[in-house]
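Enquirer: what would the 3D arrangement of this be:
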Amino acid sequence: MSTETRRSKESQIVVGMVVIDNFDAVIRSCSSEHEVQKLRLDVERTMLDFIEQLDGCLTPLGPNEFLFFTTRGLFERETGGYKYISLASKAQKRFGLSLSVGIGFGVSANAAGTNARAALRSTKDAG
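Expert: Prediction:
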């Protein structure tokens, strides 16, 4: 029974919301529209690489917001038990970008999305 419980937990839906906090400031430092577009593409490619590790799906919501879906088991393994999100450090090192990330788990997409939104709000409130 514990194996079935573990499998059920690992297959839960994970919804992640990512907001690039200082994207406008970094874009203003670009000297041309070409550089801005290259930066946007490089950032999205970095996001896609992270989501590929999670065997997930990434959807841009705007110029500085992204939504992703994966499963809890994959997310847990790739983040070392929810301790480290490599995407945040890569964004900081490669682009000088700060990310706010909200992660929500749930047995339904609605529950996971609601939890992700609450987590993102808490992250932003905490600075």
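
Enquirer: now do the contacts for the most centrally placed residue in the chain.
Expert: Closest residue to the average C-alpha location of the chain: residue 18 at 4.4 Å, with Cα atoms, centre = their mean. Contacts here follow Cβ atoms under 8 Å, 6 or more residues apart in numbering; on that basis residue 18 touches 47, 65-68, 87, 99-101. Any C-beta I mention is one placed from the backbone N, CA and C, and that applies to glycine too.

Enquirer: please spell out the ChimeraX selection for the buried subset of these.
Expert: The ChimeraX selection below is limited to those of the contacts of residue 18 classed as buried (16 or more other Cβ atoms under 10 Å):
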select :47,66,68,87,99,100,101
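
Enquirer: redo the contacts of residue 18 as CSV? Include distance to residue 108 and secondary structure.
Expert: As requested, the contacts of residue 18 are exported to CSV (distance: Cβ to Cβ, whole Å; DSSP: H, G, I helix; E, B strand; the rest coil):
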residue, distance to residue 108, secondary structure
47, 25, helix
65, 22, strand
66, 21, strand
67, 16, strand
68, 17, strand
87, 25, helix
99, 26, strand
100, 24, strand
101, 21, strand
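
Enquirer: looking at the contacts of residue 18, spot the one nearest residue 120.
Expert: Closest to residue 120 out of the contacts of residue 18 is residue 100 (6.2 Å), distances taken as Cβ to Cβ.

Enquirer: is that closest one bridged to anything, and to what?
Expert: Counting by DSSP bridges, residue 100 forms beta bridges with residue 19.
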